[in-house]
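> Take this sequence and fold it.
(one chain, ligands or ions: 1)
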Amino acid sequence: MPVIGVIETKDLSRSFGSVTVVDHLNMSIPSGEVFGFLGPNGAGKTTTVRMLACLIKPSGGTATVDGLDVTDEKDAMQVRSRVGLLTETPGLYDTLSAYKNLRFYGRLYDVPEQRLNDRIEYYLKLLGLWEKRDQAVGGYSKGMRQKIAIARCLLHDPKVLFLDEPTSGLDPEASHLVRDFISELKKEGRTIFLCTHNLDEADRLCDRIGIFRGHLLSVDSPSRLKDKLYGRQVVVKLKEVTPTLVNTVKAQNYVGGVEVNGKELLVRVNSPESDNPALVRALVAAGADIQFVSEASRSLEDVYFNIMGVKQ
Ligand SMILES: Nc1ncnc2c1ncn2[C@@H]1O[C@H](COP(=O)(O)OP(=O)(O)OP(=O)(O)O)[C@@H](O)[C@H]1O
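Residues are numbered from 1 along each chain as shown. Modelled structure (predicted):
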């Protein structure tokens, strides 16, 4: 039987006037996955999230969240109660304390009184804000406000979380705390749909990445995206690079290609674990003085620019 994702879209589309912003989006996100949704400004990420969270209607196609049809009015009510949404500009009541802000929103979601108090206490303690629970949110730092905003969208215990730019505008320490918090939420088994422009963050947090501009250009785990585009490469640093040494490497039948970068050879191989010993032996036999051998690491930024066709 095919595995049905907790988020499924089939040709999901949305236009504003004559402009199509989301164009036949097809994706399937399994339960418990952290899915990174990457794309340039105006790619249609927020529009996609708004459709999946039932804030706007699709112009075409279908989508289900937790098995519920987002285009069906009755199902949409239930979807809203099963998802948590952190928007790019989460509004909090500045004059109310963190505790009162959370109580206010929890009641909107009809969370039973005792359960609400327990959940507020749990999250404020987890986020290190319990001692400051009675301070007005207006006096909170940006990072503290963001943590309250994330806690707010968890009060009704949603299975699926849509986080739109959760660390945008936060300093490195606050971003780190929010990222740790997202990892905790993953451990709780929630499915997290993460829109971010921070590629390093996506690389660290996400099980899979979808690179999107109107439709999905590529989707896979960060490591497979890198391997698919670049294969595995070994960097061999030599005391001296000579044409003989380059030709020796090229002549090895397990070598897929060689690039010379100063005193380094960038060698493409299928499996460094099994090919490196032979490569090192061949180079030494040809007179090479090897200083370092390591695996070349590609960043998600390399992948993103490659897929977007941006020259670096
Ligand atoms: N309600 C609306 N009416 C008209 N156009 C809209 C509306 N909402 C979004 N758009 C347009 O749709 C396009 C995609 O916007 P969207 O906010 O989904 O992009 P995004 O990928 O989230 O961008 P960013 O990374 O900048 O947040 C933009 O050109 C935007 O102007």
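> Now do the same contact list for S294.
V234, V235 (Cβ atoms under 8 Å, 6 or more residues apart in numbering). (Each C-beta comes from the backbone N, C-alpha and C, glycine too.)
> Tell me if it really is in a helix.
No: using DSSP: H, G, I helix; E, B strand; the rest coil, the secondary structure at S294 is strand, not a helix.
> Show me what it bridges to in the sheet.
S294 has the following beta-bridge partners by DSSP bridges: V235.
> Okay, it and L266: tell me how far apart.
Applying Cβ to Cβ, to the nearest Å, the value for S294 to L266 is 11 Å.
> Now for the two: what residues contact both?
With Cβ under 8 Å, 6+ apart, S294 and L266 have common neighbours V234, V235.
> Pretty sure F162 sits in a strand.
Yes: counting by three-state DSSP, F162 is part of a strand.
> Where does the prediction get shaky in this structure?
1-3, 311-312 (pLDDT under 70).
> quick one: contacts for the most centrally placed residue in it?
The structure's the chain has its C-alpha centroid closest to G36; by Cα atoms, centre = their mean the separation is 2.5 Å. By Cβ under 8 Å, 6+ apart, the contact set of G36 is L194, T196, A202, L205, C206, R208, I209, G210.
> same thing but at 10 Å, please
192-196, 198-199, 201-212, 219, 222, 300 (Cβ atoms under 10 Å, 6 or more residues apart in numbering).
> P222 too?
Contacts of P222 by Cβ under 10 Å, 6+ apart are 36, 199, 202-209, 298-300, 303.
> With L300 instead?
36, 38, 198-204, 206, 209, 211, 222-223, 225-226.
> which of those residues sit farthest apart?
The distance between the two most remote of these (Cβ to Cβ) is 18.0 Å, for N198 and S223.
> Those two: who's more crowded?
Counted by other Cβ atoms under 10 Å, N198 and S223 do not tie: N198 has more neighbours, with 20 against 11.
> before we move on, could you check phi and psi at the more buried one?
Main-chain torsions, N198, degrees, to the nearest 10: phi -90, psi 100.
> In this structure it contacts H176, no?
No: taking contacts as Cβ atoms under 10 Å, N198 lies outside contact range of H176: 11.7 Å.
> Between those two, which contacts overlap?
Both N198 and H176 are in contact with T167, L170, where contact means Cβ under 10 Å, 6+ apart.
> picking that back up, and the contacts of P222, which are buried?
The neighbour-count test (16 or more other Cβ atoms under 10 Å) marks G36, L199, A202, D203, L205, C206, R208, I209, R298, L300, V303 as buried among those.
> Where strands are concerned, which of those count?
Counting by DSSP state E, these place G36, R208, I209 in strands.
> Tabulate the residues you listed (TSV), appending distance to the ligand.
As requested, these are exported to TSV (distance: Cβ to the nearest ligand atom, whole Å):
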residue	distance to the ligand
G36	13
R208	18
I209	15
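> now those as a markdown table including distance to H24?
As requested, those are exported to a markdown table (distance: Cβ to Cβ, whole Å):
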| residue | distance to H24 |
| --- | --- |
| G36 | 21 |
| R208 | 20 |
| I209 | 20 |
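> Give me the buried positions along the biggest helix by length in the chain.
If you go by DSSP state H, the chain has its longest helix at helix 172-187. With burial defined by 16+ other Cβ under 10 Å, the residues of helix 172-187 counted as buried are A174, S175, L177, V178, R179, F181, I182, L185, K186.
> do the same with stretch 147-158
Buried positions in stretch 147-158, judged by neighbour count with 16+ other Cβ under 10 Å: K147, I148, A149, I150, A151, R152, C153, L154, L155, H156, P158.
> Restricting to C-alpha, output that stretch in PDB.
Coordinates of the C-alpha atoms in stretch 147-158 are reproduced here as PDB (Å, rounded to 0.1, in the frame of the first residue of the first chain):
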ATOM      1  CA  LYS A 147       9.900  31.700  21.400                       C
ATOM      2  CA  ILE A 148       6.500  32.800  22.900                       C
ATOM      3  CA  ALA A 149       5.100  32.900  19.400                       C
ATOM      4  CA  ILE A 150       6.200  29.400  18.700                       C
ATOM      5  CA  ALA A 151       4.900  28.200  22.000                       C
ATOM      6  CA  ARG A 152       1.600  29.800  21.200                       C
ATOM      7  CA  CYS A 153       1.100  27.800  18.000                       C
ATOM      8  CA  LEU A 154       1.800  24.600  20.100                       C
ATOM      9  CA  LEU A 155      -0.900  25.100  22.800                       C
ATOM     10  CA  HIS A 156      -3.500  23.000  21.000                       C
ATOM     11  CA  ASP A 157      -1.000  20.200  20.500                       C
ATOM     12  CA  PRO A 158      -1.000  20.300  16.700                       C
END
